[in-house]
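1. Any chance you can model this:
(2 chains)
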2 protein chains.
Amino acid sequence: MIAIGVDIGGTSIKGAFINERGEILSRFSMKVDKEKTPEEEIGKLCDIINASIKEGNYEGKVAGIGIGSPGTLDMDKGIIIYSPNLAKWAGFNIKKFMSARTGLPVELNNDANVAALGEAKFGSGAKYKSAIMLTLGTGVGGGIIIDGKIYDGNKHQGAELGHMSIRMGGRPCGCGRKGCLEAYASATALIKDTREMMEKHPESALTEIEKELGGVDARNAFIADQRGDKYGRKLVRDYVKFLSEGLLNYCNIFRPEVIILSGGVANEGENLLKRIRRYLKKNTYGMRGSEKVAVVTSQLGYDSGKIGAACLILFK
Amino acid sequence: MIAIGVDIGGTSIKGAFINERGEILSRFSMKVDKEKTPEEEIGKLCDIINASIKEGNYEGKVAGIGIGSPGTLDMDKGIIIYSPNLAKWAGFNIKKFMSARTGLPVELNNDANVAALGEAKFGSGAKYKSAIMLTLGTGVGGGIIIDGKIYDGNKHQGAELGHMSIRMGGRPCGCGRKGCLEAYASATALIKDTREMMEKHPESALTEIEKELGGVDARNAFIADQRGDKYGRKLVRDYVKFLSEGLLNYCNIFRPEVIILSGGVANEGENLLKRIRRYLKKNTYGMRGSEKVAVVTSQLGYDSGKIGAACLILFK
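-> Okay, here's the model as predicted:
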């Protein structure tokens, strides 16, 4: 069986033909013109898909198309209700449209859920049945996979994993609440903390690292820490503490077999993971006798969205 | 169809014959002698059940026995691994034993899950498909019902709803972490806060209320608040704030249709609910456009455990 996985982004759409083992057979992509109608843009996407099927001799072998999309969705009906970066697409039934144009079954799901599904099935979660993936980027997104299936709460409205308050009355979050995990554990939050630390302590190694890197991103604090800079160390220690507290909560609520971290901060790899594991070990998983949870980084990188979207069809 | 629901407690076992509409047809109960073996005690329970079946002319009409038990369980195998109040029962396969003695299918689940299931099916959650129940008693227990089924995470090890930290580094919790919801929102926590407030401010109305009630329990603060006492008001306001923050987190993670509160503090009824609803409304449910969650108190009271246990069979 072959499935098509489509990953919709704000500026481009990327897709791939994927087999049952999660291997990418061929890829396609297109730029998205935000000013055009969804019918024009998705019409173009369908033309590309239909041509790719002929080109690859996939006729009769493709089981369907899975789509991962940002924004607010009606997953059951297949409608993009609202996506901030694709405002003209509001209310567009992408499932119905693509199904009519390609003659294939179409499944729609949230981009974060889909990426988690891809990692859980064919990435660093492949040997586990249940996984939680947290993406530490501009915000903190996430996906929950239990017994190999996406779990997103009632009417797909849950799983807002970045918006659990871990510090009541704490930092304001974009969602309107205070103290959300996102306000402490996103790359954005770490960058903000780094800048504040540099202003207060210009003598810190953070200043020279900014020059070396040509700016401030999630790496600066980790590099400073490795150079023995005490301000870098404090930034990393605090970051790990907040993130780990959130992870501990998710362990107690879901007890997944594995937590997968992705996004900018996860690029720190073992350097980040060993600190988190140490914190989790020291601070207990909440209840005595509860099972240990593995903590790893994502394996599929940017392909997790495409592969996960294909999984909507492969594991339907 | 009739099912038997059994609610195991530390000092007694209570049970009932329950029909498909969740109505109790007849009841039975027995004291538990902790010093005796589980074979003796559960043997006695089976005798009572077998006799009750004959007495009620239920032969051939009973579909099975559902059991709600405290402690650590292997639900799939039907084993009580460890229950602090029934230490001699450790490792006892209650499912196998009762099934052999009664000739009926037996299902075992956690008491908190089972109570939530009962409320969700036949209590104050009956008109909703998904519910979270929080029991505000000695600790904060809970159960999650999604699409009419118990949801308790990977290998039934999740759903430890009282052990989500809402205040990093906050109050120590019995589980070993700090800042858990249980450390702020249990009746135990409210009583502790009330006592501390009374020590600091003996002039508070709390002092006279203690005399009237003959002690301090979860009611004192609410009564003082109603009498216009500023210390009572502060206790109630803080309590509601902590509890509501936890509820907001669960809204963002699960987005249930309804939250059901039970246990000592829930006896405050509308007096508590109206404050929580106000807090939730004011502090937003996290994400724009997300659905409103109803907040109610439990309807079945002490019967929720028995009725929920029967639901393990009725909705198998």
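
2. buried residues in the host helix or strand of A:C251?
-> In the assignment (DSSP states H and E), A:C251 maps to helix A:230-254. Judged by neighbour count using 16 or more other Cβ atoms under 10 Å in any protein chain shown, the buried positions of helix A:230-254 are A:231-232, A:234-236, A:239-254. Backbone N, C-alpha and C define where each C-beta goes, glycine included.

3. restrict those to those near chain B?
-> A:K241, A:F242, A:E245, A:L248, A:N249, A:N252, A:I253, A:F254 (Cβ under 8 Å from any Cβ of the partner chain).

4. Let me know the helix or strand that the residue lying closest to A:V240 once chain neighbours are set aside is in.
-> Using Cβ to Cβ, 6 or more residues apart in numbering or on different chains and skipping residues adjacent in sequence, the residue nearest A:V240 is A:R275, 4.5 Å away. In the assignment (DSSP H and E), A:R275 maps to helix A:270-282.

5. how big is the angle separating that helix from helix A:230-254?
-> Calculated by axes from the mean of the first three to the mean of the last three Cα atoms, to 10 degrees, helix A:270-282 forms an angle of 60 degrees with helix A:230-254.

6. ok, residues contacting helix A:270-282?
-> Residues from elsewhere that reach helix A:270-282 (Cβ atoms under 8 Å, 6 or more residues apart in numbering or on different chains): A:222, A:226, A:236-237, A:240-241, A:243-244, A:247-248, A:251, A:261, A:265-266, A:293, A:295-297.

7. at 6 Å instead, please
-> A:V240, A:S244, A:V295 (Cβ atoms under 6 Å, 6 or more residues apart in numbering or on different chains).

8. quick one, phi/psi of A:K34?
-> phi -60, psi -20 (degrees, to the nearest 10).

9. should've said A:V258
-> phi -150, psi 150.

10. Correct me if wrong: it contacts A:K292.
-> No. When contacts are counted by Cβ atoms under 6 Å, A:V258 is not listed as touching A:K292 (10.2 Å).

11. Would you state the strands of the stretch 101-250 of chain A in chain order?
-> Per DSSP state E, counting those that start in this stretch, the stretch 101-250 of chain A carries strands over the ranges A:106-110, A:131-136, A:140-146, A:149-150.

12. for those strands, which one sits closest to B:W89?
-> strand A:140-146 (29.7 Å; Cβ to Cβ).

13. Please name every helix or strand in contact with that closest one.
-> Packed against strand A:140-146 by the contact rule (3 or more Cβ pairs under 6 Å, 6 or more residues apart in numbering or on different chains; DSSP states H and E) you find helix A:111-122, strand A:131-136.

14. okay, these in TSV with distance to B:G125, mean neighbour count and mean pLDDT next?
-> Shown next, in TSV, are the helices and strands packed on strand A:140-146 (distance: least, Cβ to Cβ, whole Å; neighbours: other Cβ atoms under 10 Å in any protein chain shown; pLDDT from 0 to 100):
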stretch	distance to B:G125	mean neighbour count	mean pLDDT
helix A:111-122	26	29	96
strand A:131-136	26	29	96
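
15. Let me know which of the ones you listed is the nearest to chain B.
-> strand A:131-136 (9.2 Å; Cβ to the nearest Cβ).

16. could you dump the helices and strands packed on strand A:140-146 to a markdown table with distance to chain B?
-> Converted to a markdown table, the helices and strands packed on strand A:140-146 look like this (distance: least, Cβ to the nearest Cβ, whole Å):
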| stretch | distance to chain B |
| --- | --- |
| helix A:111-122 | 12 |
| strand A:131-136 | 9 |
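
17. Just read off the phi/psi values of the residue of the stretch 201-316 of chain A found nearest chain B.
-> The minimum distance from the stretch 201-316 of chain A to chain B, using Cβ to the nearest Cβ, falls at A:R255 (3.7 Å). When read as degrees, to the nearest 10, the backbone of A:R255 gives phi 40, psi 60.

18. Now for the closest residue to it other than its chain neighbours, how many residues are close by?
-> Excluding its sequence neighbours, the residue lying closest to A:R255 (Cβ to Cβ, 6+ apart) is B:Q157, at 3.7 Å. For B:Q157, the neighbour count with other Cβ atoms under 10 Å in any protein chain shown is 21.

19. which residues in chain A form helices?
-> Secondary structure of chain A by DSSP state H: the helices cover A:38-55, A:94-102, A:111-122, A:182-185, A:187-200, A:205-213, A:219-226, A:230-254, A:270-282, A:304-314.

20. Among the ones you listed, which comes closest to A:G10?
-> Of all the helices of chain A, it is helix A:111-122 that lies closest to A:G10, at 10.6 Å by Cβ to Cβ.

21. Tell me what angle the closest one forms with strand A:140-146.
-> 50 degrees.

22. Point out the residues in the stretch 151-300 of chain A that sit beside chain B.
-> Within the stretch 151-300 of chain A, the positions near chain B by Cβ under 6 Å from any Cβ of the partner chain are A:153-154, A:157-158, A:160, A:163-168, A:175-177, A:245, A:249, A:252-256, A:284, A:286-287, A:290.

23. how about the residues of the stretch 1-150 of chain A near chain B?
-> A:S130.

24. In the stretch 1-150 of chain A, what residue comes closest to chain B?
-> For the stretch 1-150 of chain A, Cβ to the nearest Cβ, closest residue to chain B: A:S130, 4.1 Å.
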